[in-house]
Structures are given as C-alpha cells and as structure tokens.
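> predicted coordinates and the sequence they were generated for:
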Amino acid sequence: MESGKASYYADKFDGRKTSNGETFRQSKKTAAHRTLPFGTKVTVKNLTNGRSVKVRINDRGPFVKGRMIDLSKKAAKKIDMVNAGIANVEIRYKGNVVR
C-alpha cells in the first residue's frame, strides 16, 4: 500500500503512445506509475470521499514532484477528482512488487 497525490492526464495525451507501447485512451481505466510493473492492477482510493477505482498500469510517470500516480480521465471521474485535478489517494496492489 502507498499513499500520496494523484493527478490525471490532460486530454492532449489521448491517442499518444504510452511507455509500454499502447495507445493511451481517456476512456479506459489505466494509470501511470514510476515503478510498478506494466500490467499491475491497482485499486486507487480517494481519501477525501472514500470512492475507489481499479486501474491497470500501462505508462510511466507522473513526472511532477509530489505526485504518485496519474490516472486516465475515466478513472479520475470514478473517484470524483476531475474538478479538483489532484486528490490525496491510497493505492493497493497484490503480489510481490520489485521497487
């Protein structure tokens, strides 16, 4: 488990390639993390409202100091953080993850 700040991708990234070679789509529940392996399924919980969403890691980032995970817009909407832009979150994942 980790906790920190989440943000979400700007619309300009829709259709661009992610670090794992996929085409990024705002309509999918995906995320970027600096170290988790591609394909890792993560539950992201908004600590302000208790809402959570499951996402799959398919990109690297965020590259803004103090942020832990970047979500697609669909995932950000599920945890009601689009208006705020940034949220304090907790992320959980299963398995042995090399850091």
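Cool, got the structure.

> going forward, measure contacts and count neighbours with C-alpha atoms only.
Noted.

> any idea how far stretch 75-89 is from the chain center?
10 Å (CA atoms, centre = their mean, to the nearest Å).

> run through who's touching that stretch.
3-8, 28-30, 44-49, 51-55, 73 (CA atoms under 8 Å, 6 or more residues apart in numbering).

> give me the buried entries from those residues.
Buried residues within the contacts of stretch 75-89, counting neighbours by 16 or more other CA atoms under 10 Å: 3, 5-8, 29-30, 44-47, 52-55, 73.

> residue 67 contacts residue 2, correct?
No: in this structure residue 67 lies outside contact range of residue 2 using CA atoms under 8 Å: 11.7 Å.

> so which of the buried ones among the contacts of stretch 75-89 are in strands?
Mapping those onto strands (DSSP state E) picks out 3, 5-8, 30, 44-46, 52-55.

> endpoints of stretch 4-19, how far apart?
Terminal residues of stretch 4-19 lie 22 Å apart, using CA to CA, to the nearest Å.

> wait, I meant stretch 62-79
18 Å.

> go through it and flag the buried ones.
62, 67-76, 78-79.

> of the residues you listed, which belong to strands?
Those of the buried residues of stretch 62-79 lying in strands (DSSP E): 67, 68, 69, 70, 71.

> now do the same contact list for the first one.
Right, residue 67. The neighbours of residue 67, taking CA under 8 Å, 6+ apart as the test, are 4, 5, 6, 7.

> next, format those residues as JSON lines and append pLDDT.
Shown next, in JSON lines, are the contacts of residue 67 (pLDDT from 0 to 100):
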{"residue": "4", "pLDDT": "96"}
{"residue": "5", "pLDDT": "97"}
{"residue": "6", "pLDDT": "97"}
{"residue": "7", "pLDDT": "96"}
